[in-house]
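> here is my input, please return the structure:
(chains A and B)
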Amino acid sequence: MERILTRNVGKENSTSLAVYEAGGGYQALRKAVKTMTPDAVTDEVKKSGLRGRGGAGFGTGLKWSFMPKEVDPRRPHFLLNNADESEPGTFKDRLLMERDPHLVIEGTLLGAYAIRACVAYIYIRGEYVFGAGVLERALDEARAKGLVGKNILGSGWDCEVWVHRGAGAYICGEETALMSSLEGNRGYPRLKPPFPAQAGVWGCPTTINNVETLANVPFIVERGADWFQSIGKAPRNTGPKLYCLSGHVKRPGVYEAPMGLPMMELIHELGGGMLRPEFPLKAVIPGGSSVPVLRADECEVDLDFDSLAAKGTMLGSAGLMVMDASTCMVAAMERVAHFYHHESCGQCTPCREGCGWLERVLHRIESGRGLAQDLDLLMSVSRNIIGNTICALGDAAAMPCLSFVEKFRDEFRHHIDHKSCLAGTSALQGVC
Amino acid sequence: MPKVVIDGKEIEVAAGTTILQAALSEGSEIPHYCWHEGLSVAGNCRMCLVEVEKAPKLVIGCYTPVADGMVVHTQSEKVKQARAAMMEFFLINHPLDCPICDQAGECKLQDYAVEHGTGVSRYTEPKLALNKAVDIGRHVMLDQERCIQCSRCIRFCDEITKTGELAFFQRGERSQIGIVPGRRLDNAYSGNVVDLCPVGALTLKEFRFQTRVWYLKNTPTVCAGCSRGCNVVVGVGQQQTLMTTRGQMDDRVKRIVARSNEAVNGPWICDEGRLSYQPGAAAKRLDAAESPAGTACDWDAAIEKAAGLLKAAAAKGALAIVASPRLTTEDLFAWRKLAQGLGGATFAVRRLVRGEDDRLLLRADKGANATGAEWLLGDTAESAVLDKAARGEVQALLVLGDNLDPADTLALDPGVRARIGAIVFAGAFVSGTAESATVLLPTTAWAEEDGTIVNFEGRIQRVRRARTPWGESRPGWKVAAELAQAAGAAILPWTRFEQVLDALAAEVAPYAGLDADAIGLLGTAPASAGAGA
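You can find the predicted model right below:
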């Protein structure tokens, strides 16, 4: 497959407008604002089958179609580009923002055009200091050339784009918490309904899309939905996809491939195979740390929304974390739990109290103080969190815990019974 | 209107009603912490999870509106299991200090733990230790570790008083409520956060450690602090006092809390009303009948003397009466009957307007029954009577309820006093006027009397006796009746407030057809002002 999303990555001055335009950049925007109505853009994206790349996999065109068709001047429409990439194992949006910011900006503008927004925000994670600077410089260039701001490309359509730097809280990547944060409030998720398309940021109709999602839009507008559909596993898993590969592989990094790339192909061919041949593949978290883990024997699977769902896990943000046989699954899960414990916003009870509890029990097992009943306790606490919280952060902590304990129960049991680690890399090795 | 089936029972409710409200309207409760009738929905406690058929997972009752045909289960195994789970989560970091916590007996955490919890916690790790007894305002103390993060208090300060003193700090399980740096919780309604708090995280300094709530006798009544007439509950101590061996009951007002009445005060009251029972908020009480002031005498002798003075002055057309707008309508009615029986008097009603109304509840007019007084006695100001007295045209002045001076602190102008033959003072508190009176007749104060008052909107509401009358004090209507009998005036020998109310209802138009039951706990719909007798 040709490089689509990453076509400029690696080019000299890839962040400049000149390089971007030389490769055909902003032609899609030109085409849209001069020859297409917003609804036509939405329909094309809907037809392409593009699904959100932030994790949920919701149809992008369908999401846009929820926005009001008419704009009430007292309630302008907003597009929020969710660049708060914070999921452990996920770093694909960073690549786009740092290496090809104009693609991000063009996608943002096209999304804004489709939903009739006059302002778009790129809400970027606080730690992405470099990426935010790159985006701001690119925006200045685009603004100077009439691509952003008043009367874009002489079309009569005005749209301002702002980069908003978050403060680095994971929860602010949740779309309603992102809106609260953007409004200057504490990053707390909101109850739904109302959904953002009804009452989003500042009470106005709002659409929130992921960076990679919007980066696909210029290509769909320029080359058409049929072209997009021809990539990947039509009809529900289409288009190019950025996969983040980390862990025990030789060449970790971001790889572009069609949606539905076989996982083993990504690991062994693109990723160069396992880091140390003596340690075979043990497990993979396929979609960022919040999704259920797969054992090695479950890894013959295609990397798309539906194939992974059939395996009881999720594509999520496509952040694959590869673990070889040297990995202590108790220690790994403890690490995951520590993250969600730390990042829970504390608003609702099960997540606030449950995430800490999970981490403490896991820590107890990991450090050789586990009790026989702890595995049942972990399962029970996880189940009491799942589905009972305001947002998905609680699920994000509990789902991996359930799957780790279910799929690697022997290893957890060994920690408890023998105060030692089967894998041999646990902190227990120092005490046993 | 949508019909919803809750636990097998079909009910019809207004569109937009939530599952929780629908259940409450049927008298069945779905457990909840963060939801409060007067505040926005937070949906964070997750205690009101219920099962809705065809929904993929449990939903929160406080936020989910009913839909036509919806079938809700609030007692299914799935729901019970979720509630038990939430209780287990809540109790992870909540200290079990019920034996010293002032919320014991009224603690929703305690109640729900018994009703919905498993009785056992599987959490064996150390609890978080946060700050105890943090002084956050003039009246409110905060015990941070007892907080269950329901955010009611924060929403109150944001949405009701709009003062925003409270906020969450930190995040996750480290979250804690606290006061915004540099601020104090000193708004005029701060005590409401104590009423709101479902656990013992926020307590009232004035009530902390004063008594156990199960020792309180709670009486629903109406605050007499201003013309709003907020609905309150007065809690009077019923614990045997330790200082005596005769089994005396405490019988002091221990606290006043809000009682919800959507038409008057919603679920809130001001701090001024809440703490009106506090020593220092009121002057010293009159204990016994005196004649003259400072000379104790037999009650009957005092009545005899006062009746003689009033009768003689009335006969000469030189009797004047100044009434407090705080008196119950029954009292005012009885005093009016007395004046009529004596052959007439010049009536005036005090003005107690101070400052301006605030945008929430507080009224500048501190005359709790100013409307009732106007209905019965017209709107002659006290200055008219005092002017008359200054001209030497008042032989006897009957002062009812309040001191005469506008500031309520100074004695009657000596020049004016010298021109008045006699002053009969029937009131509850020591004052300058009382000290210069010829006869003192102690009457009951608010919280010691039954009666009705009319708020500024014309709503007739009942005040109820919450504690036994102070010393020898008697209800004003009773004193009026005794004076009338002693003076030979035609007035019924009332012995119960209901009898006065019946007579009042027969004569005063806005009260027509009313009795104590008809007025009920929430009062009547406002009657039009000026619709007097």
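
> going forward, measure contacts between C-alpha atoms and count neighbours the same way
Fine.

> measure the residue in chain B that chain A sits nearest to to A:Arg352 for me?
Residue nearest to chain A within chain B (Cα to the nearest Cα): B:Gly172, separated by 3.6 Å. When distance is defined by Cα to Cα, to the nearest Å, B:Gly172 is 5 Å away from A:Arg352.

> between the two, which contacts overlap?
Overlap between the contact sets of B:Gly172 and A:Arg352, as judged by Cα atoms under 8 Å, 6 or more residues apart in numbering or on different chains, is given by A:341, A:344-346.

> close to chain B as well: tell me which of those residues qualify.
The residues of the shared contacts of B:Gly172 and A:Arg352 that also fall near chain B, by Cα under 8 Å from any Cα of the partner chain, are A:341, A:344-346.

> which of the residues you listed count as buried?
By neighbour count, with 16 or more other Cα atoms under 10 Å in any protein chain shown, these hold A:341, A:344-346 as buried.

> now, among these, which is nearest to chain B?
A:Gly346 (3.6 Å).

> skipping adjacent residues, who's closest to that closest one in space?
B:Gly172 (3.6 Å; Cα to Cα, 6 or more residues apart in numbering or on different chains).

> for that neighbour, what are its contacts?
Per Cα under 8 Å, 6+ apart, neighbours of B:Gly172: A:341-347, A:351-353.

> and those residues as JSON lines, adding secondary structure and distance to A:Val33?
What follows is those, written out as JSON lines (DSSP: H, G, I helix; E, B strand; the rest coil; distance: Cα to Cα, whole Å):
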{"residue": "A:His341", "secondary structure": "helix", "distance to A:Val33": "45"}
{"residue": "A:His342", "secondary structure": "helix", "distance to A:Val33": "44"}
{"residue": "A:Glu343", "secondary structure": "helix", "distance to A:Val33": "41"}
{"residue": "A:Ser344", "secondary structure": "coil", "distance to A:Val33": "42"}
{"residue": "A:Cys345", "secondary structure": "coil", "distance to A:Val33": "40"}
{"residue": "A:Gly346", "secondary structure": "coil", "distance to A:Val33": "44"}
{"residue": "A:Gln347", "secondary structure": "coil", "distance to A:Val33": "42"}
{"residue": "A:Cys351", "secondary structure": "helix", "distance to A:Val33": "45"}
{"residue": "A:Arg352", "secondary structure": "helix", "distance to A:Val33": "46"}
{"residue": "A:Glu353", "secondary structure": "helix", "distance to A:Val33": "50"}
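
> columns distance to B:Ala339 on top of these, output as CSV?
CSV is the format used below for the contacts of B:Gly172 (distance: Cα to Cα, whole Å):
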residue, distance to B:Ala339
A:His341, 76
A:His342, 76
A:Glu343, 75
A:Ser344, 72
A:Cys345, 69
A:Gly346, 67
A:Gln347, 65
A:Cys351, 71
A:Arg352, 69
A:Glu353, 69
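
> can you get me a residue count around the nearest residue to B:Gly401 once chain neighbours are set aside?
Spatial nearest neighbour of B:Gly401, chain neighbours left out: B:Gly427 (4.2 Å); criterion: Cα to Cα, 6+ apart. By other Cα atoms under 10 Å in any protein chain shown, 28 other residues sit near B:Gly427.

> could you report the distance from A:Glu106 to chain B?
As judged by Cα to the nearest Cα, to the nearest Å, A:Glu106 and chain B stand 36 Å apart.

> now do that residue, the pLDDT please.
At A:Glu106, the model reports a pLDDT of 98.

> so it sits in a helix?
Yes. When DSSP: H, G, I helix; E, B strand; the rest coil is applied, A:Glu106 is found to be in a helix.

> tell me who's in contact with it.
By Cα under 8 Å, 6+ apart, A:Glu106 lies in contact with A:26, A:29, A:215, A:218.

> as a markdown table, these with pLDDT and distance to A:Met329 would be great.
Output for those, formatted as a markdown table (pLDDT from 0 to 100; distance: Cα to Cα, whole Å):
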| residue | pLDDT | distance to A:Met329 |
| --- | --- | --- |
| A:Tyr26 | 98 | 47 |
| A:Leu29 | 98 | 47 |
| A:Ala215 | 98 | 35 |
| A:Pro218 | 98 | 41 |
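
> so which of those residues comes closest to A:Phe91?
A:Ala215 (14.7 Å; Cα to Cα).

> what about the nearest residue to the closest one once chain neighbours are set aside, distance to chain B?
For A:Ala215, ignoring the flanking residues on the chain, the nearest one in space by Cα to Cα, 6+ apart is A:Gly107 at 4.9 Å. For A:Gly107, the distance to chain B equals 34 Å [Cα to the nearest Cα].

> wouldn't A:Gly107 be in contact with A:Asn210 here?
No. Applying Cα atoms under 8 Å, one finds A:Gly107 not in contact with A:Asn210, separated by 10.3 Å.
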